[in-house]
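A.B. asks: The following comprises the amino acid sequence and a computationally predicted model.
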There are 2 protein chains.
Amino acid sequence: MFASKLVFEKGLIPVVVRNVDGDILMLAFMNRNALLKTLATGFMHYYSRVRKKIWMKGETSGFGQKVLEVRVNCENNSLLFTVKQEGPGACHKGYKTCFYRRILKSGGLSRVEKKVFNPRRVYKGNSVSE
Amino acid sequence: MFASKLVFEKGLIPVVVRNVDGDILMLAFMNRNALLKTLATGFMHYYSRVRKKIWMKGETSGFGQKVLEVRVNCENNSLLFTVKQEGPGACHKGYKTCFYRRILKSGGLSRVEKKVFNPRRVYKGNSVSE
């Protein structure tokens, strides 16, 4: 199994999550068990460094991420997942992608995506992006 | 300046590098100075955790990465750069993208991109991806 050759730095590997339409949804971390759960179930599981536990994307919101393809980089220390994002979006702030703000040359920020859902309704007081 | 609000964990922030054509080229890390150099010069600079120094992509190979857009995620702890990759590719192994291998359901690996340059000629014995 190739997963045994991956480099988990302090137990974690960073993963890029790309939607099937090409949008980059998020960058997150997996530990080995989150990766194995992802490969076994076909749905994205991450490791939360804040809550110190594995969580499945969509377990609260219903907006899961179905795995379509997994790639590994040249150094075996990062992964690129292509997924089908279910529901309107991935970001716990109510956007399709977590990368909804652009850094301007002035040093300021510009929001470049529209809100696609109301996070208070979807997460019901949960402040995390499950 | 927004950069002052970014979260650098142990001095580093992970960055996703997307080519203007949509291909994900690499995932790398910047420290604050690498980010400031990138924003000031318009060309990607990274921090090498192995060599403990900032390097400019293309300084050896000539294959630089011109910054077109910078985005920040909802938690201010990762960045997404859209760049124009110069030359044939970004990967020090001779591929356009570092994510040139797919992990198969069997657990094996499949190379899904073609080699686009000879890394021995481009890096002249340098084993890193500068």
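C.D. replies: All right, it came through fine. Being a predicted model, the structure only gives us computed values, none of them experimental. Residues are numbered from 1 along each chain as shown, chains lettered A, B, ... in the order given.
A.B. asks: How confident is the prediction for the one residue sitting closest to the centre of chain A, by pLDDT?
C.D. replies: The centroid of chain A falls nearest to A:Met26 when counting by C-alpha atoms, centre = their mean (4.5 Å). Note on A:Met26: pLDDT of 98.
A.B. asks: and the residue nearest to it when sequence neighbours are not counted, how many neighbours does it have?
C.D. replies: Once flanking residues are discounted, A:Met26 sits nearest to A:Cys98: 4.4 Å by C-beta to C-beta, 6 or more residues apart in numbering or on different chains. (Glycine included, C-beta is placed from N, CA and C.) Other residues near A:Cys98 number 27, with proximity taken as other C-beta atoms under 10 Å in any protein chain shown.
A.B. asks: helix or strand for the residue nearest to the centre of chain A, which one?
C.D. replies: Per DSSP states H and E, A:Met26 falls inside strand A:24-30.
A.B. asks: State the separation between the helix or strand following that strand and the centre of the chain it belongs to.
C.D. replies: As assigned by DSSP H and E, the chain's next helix or strand after strand A:24-30 is helix A:32-41. Offset of helix A:32-41 from its chain centre (C-alpha atoms, centre = their mean, to the nearest Å): 14 Å.
A.B. asks: Also stretch A:55-75?
C.D. replies: For stretch A:55-75, the distance to the chain centre is 6 Å (C-alpha atoms, centre = their mean).
A.B. asks: first to last residue in it, what's the distance?
C.D. replies: 26 Å (C-alpha to C-alpha, to the nearest Å).
A.B. asks: On the pLDDT front, check the residue sitting furthest away from the middle of chain A for me.
C.D. replies: In terms of distance from the mean C-alpha position of chain A, A:Ser106 ranks first, at 29.0 Å (C-alpha atoms, centre = their mean). Note on A:Ser106: pLDDT of 86.
A.B. asks: just A:Gln85 next, same as before
C.D. replies: On the pLDDT scale, A:Gln85 gets 98.
A.B. asks: wait, doesn't it sit right on A:Asn19?
C.D. replies: Yes. Taking contacts as C-beta atoms under 8 Å, A:Gln85 lies within contact range of A:Asn19: 4.9 Å.
A.B. asks: neighbour-wise, which of those two wins?
C.D. replies: Neighbour count, other C-beta under 10 Å: between A:Gln85 and A:Asn19, A:Gln85 has more, with 24 against 20.
A.B. asks: what about that one, distance to chain B?
C.D. replies: For A:Gln85, the distance to chain B (C-beta to the nearest C-beta, to the nearest Å) stands at 15 Å.
A.B. asks: where along chain A do the helices fall?
C.D. replies: Using DSSP state H, the helices assigned to chain A run over residues A:32-41, A:119-123.
A.B. asks: Output those helices as CSV; include the columns distance to A:Asn73.
C.D. replies: As requested, those are exported to CSV (distance: least, C-beta to C-beta, whole Å):
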stretch, distance to A:Asn73
helix A:32-41, 14
helix A:119-123, 32
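A.B. asks: Just give the number of residues close to the closest residue to A:Tyr100 other than its chain neighbours.
C.D. replies: Spatial nearest neighbour of A:Tyr100, excluding adjacent residues (C-beta to C-beta, 6+ apart): A:Glu113 at 3.9 Å. By other C-beta under 10 Å, 18 other residues sit near A:Glu113.
A.B. asks: ok, A:Glu113 touching A:Cys98?
C.D. replies: No. Using C-beta under 8 Å as the test, A:Glu113 is too far from A:Cys98 to be in contact (9.9 Å).
A.B. asks: re the thing from before, find the residues that touch each one of A:Gln85 and A:Asn19.
C.D. replies: Counting by C-beta atoms under 8 Å, 6 or more residues apart in numbering or on different chains, the shared contacts of A:Gln85 and A:Asn19 are A:25, A:96.
A.B. asks: near chain B, which residues of chain A?
C.D. replies: Residues of chain A lying close to chain B (C-beta under 8 Å from any C-beta of the partner chain) are A:1-3, A:14, A:16, A:18, A:22, A:24, A:26-27, A:39, A:69-75, A:78-80, A:91-93, A:95, A:98-103, A:107-109, A:112.
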